[in-house]
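[1] Here you go, sequence then predicted model.
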Amino acid sequence: MTHSCLTCRPGPDSVIDYDTQIIQLPQRFRGPPASGNGGIATGLIACLGEKLLGEPIQRISSRLIRAVPLASPMTFTSQITEPNTVSISIGDSDGPAFTGWASKDSSTPIMSNETVALLASNAVLTKEKLDRFENHVEQLNPSSADFAGCFVCGPKAEFGLRLRPRPVTDEISWLSWDPGERWTDDNRLALLPAIASLDCTAAIGFHREGHLTQDESALLGSFDATIIEKPPTRPAGNLRIVARTRSRDRRKIFTDIGLFSPTGQPYVLGLATWIVVTPEKARGK
């Protein structure tokens, strides 16, 4: 397979240099004010995995250990742990910032068939759900200002995705997304934005749903995903992001999320675990 991911191909979104094994995230790939976006970090695990394994991958897992450095060189190490799996660690002189693995094997389901069906059933909205989406007025919360420039969800992120799902039921959030031409990679949506699009979009309803108090924020702790198929960049009817907050257990919040076709065909399915922190911790203090 000829690898041509946007993250390593010459251009404005190139962040991986395989010759020197150096990764450097530009400021626009931020999440919190002073660190890299967790979805971008997970997307890098996918990009590295596909390059190192030499074939399309179907499963990834990432774990955020500490704040991901921005505009600062990091190096990566890798090890083939099984014929179809590579483990990856990315960090700097302070140690690993995030780790993970990528695999060509998707034999272990990432979520139940019932959960996939629930998310897929909300890819196409009824009139009632569409009315709820269109009439929703977003309320400010303790994370609003801190993440206004976040690459994935920040409304002020000039070069970001600016994805802001809204509720369509009491437990489901939804968004129709046209990625545009920037993220096209061999006529498909590039791995990095495909994975990153399922980061903050899984957490945007935490305050509204009562999973976070006004004295709390949350940061991505880990993310597991199945890549069923790289989606087309601009399908008729747009891509659909569908998310459900499953539960909170002390300082952890668990979410199910997927990237679907306009008719509910799953492209990428993800399980995110969020860590509850103070707003000061979220903004890097």
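    Arrived safely, thanks for sending. Numbering: from 1, shown residues only.
[2] now stretch 85-101: how far from the chain's centre is it?
    17 Å (C-alpha atoms, centre = their mean, to the nearest Å).
[3] pull the CA atoms of it into PDB?
    Output in PDB follows, covering the C-alpha atoms of stretch 85-101 (Å, rounded to 0.1, in the frame of the first residue of the first chain):
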ATOM      1  CA  THR A  85      -0.800  -5.100  15.400                       C
ATOM      2  CA  VAL A  86       1.700  -2.400  16.200                       C
ATOM      3  CA  SER A  87       2.100  -0.600  19.500                       C
ATOM      4  CA  ILE A  88       3.100   3.100  19.500                       C
ATOM      5  CA  SER A  89       4.400   5.600  22.000                       C
ATOM      6  CA  ILE A  90       4.800   9.300  21.400                       C
ATOM      7  CA  GLY A  91       6.500  11.700  23.700                       C
ATOM      8  CA  ASP A  92       9.500  14.000  24.400                       C
ATOM      9  CA  SER A  93      12.200  14.400  27.000                       C
ATOM     10  CA  ASP A  94       9.500  14.400  29.700                       C
ATOM     11  CA  GLY A  95       8.400  10.900  28.700                       C
ATOM     12  CA  PRO A  96       5.400   9.500  26.800                       C
ATOM     13  CA  ALA A  97       2.500  12.000  26.200                       C
ATOM     14  CA  PHE A  98       0.200   9.400  24.600                       C
ATOM     15  CA  THR A  99       0.400   5.700  23.700                       C
ATOM     16  CA  GLY A 100      -1.700   3.300  21.800                       C
ATOM     17  CA  TRP A 101      -1.900   0.500  19.200                       C
END
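[4] Not counting that stretch itself, show me its contacts.
    23, 36, 38, 41-42, 44-45, 48-49, 52-53, 60-69, 72-81, 102-105 (C-beta atoms under 8 Å, 6 or more residues apart in numbering). For glycine as for every other residue, the C-beta is placed from the backbone atoms N, C-alpha and C.
[5] Show me what counts as buried in stretch 32-49.
    The neighbour-count check on stretch 32-49 (16 or more other C-beta atoms under 10 Å) flags 32-33, 35-49 as buried.
[6] what is the mean pLDDT for it?
    Here stretch 32-49 scores 94 as its mean pLDDT.
[7] Restricted to buried residues, select the contacts of stretch 85-101 in ChimeraX.
    Only the buried entries of the contacts of stretch 85-101 go into this ChimeraX selection, using 16+ other C-beta under 10 Å:
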select :23,36,38,41,42,44,45,48,49,52,53,60,61,62,63,64,67,68,69,74,76,78,102,103,104
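[8] Mind checking which of the contacts of stretch 85-101 land in strands?
    23, 60-64, 74-81, 102-103 (DSSP state E).
[9] Lowest-confidence one in those residues?
    Within those, residue 81 has the lowest pLDDT, namely 92.
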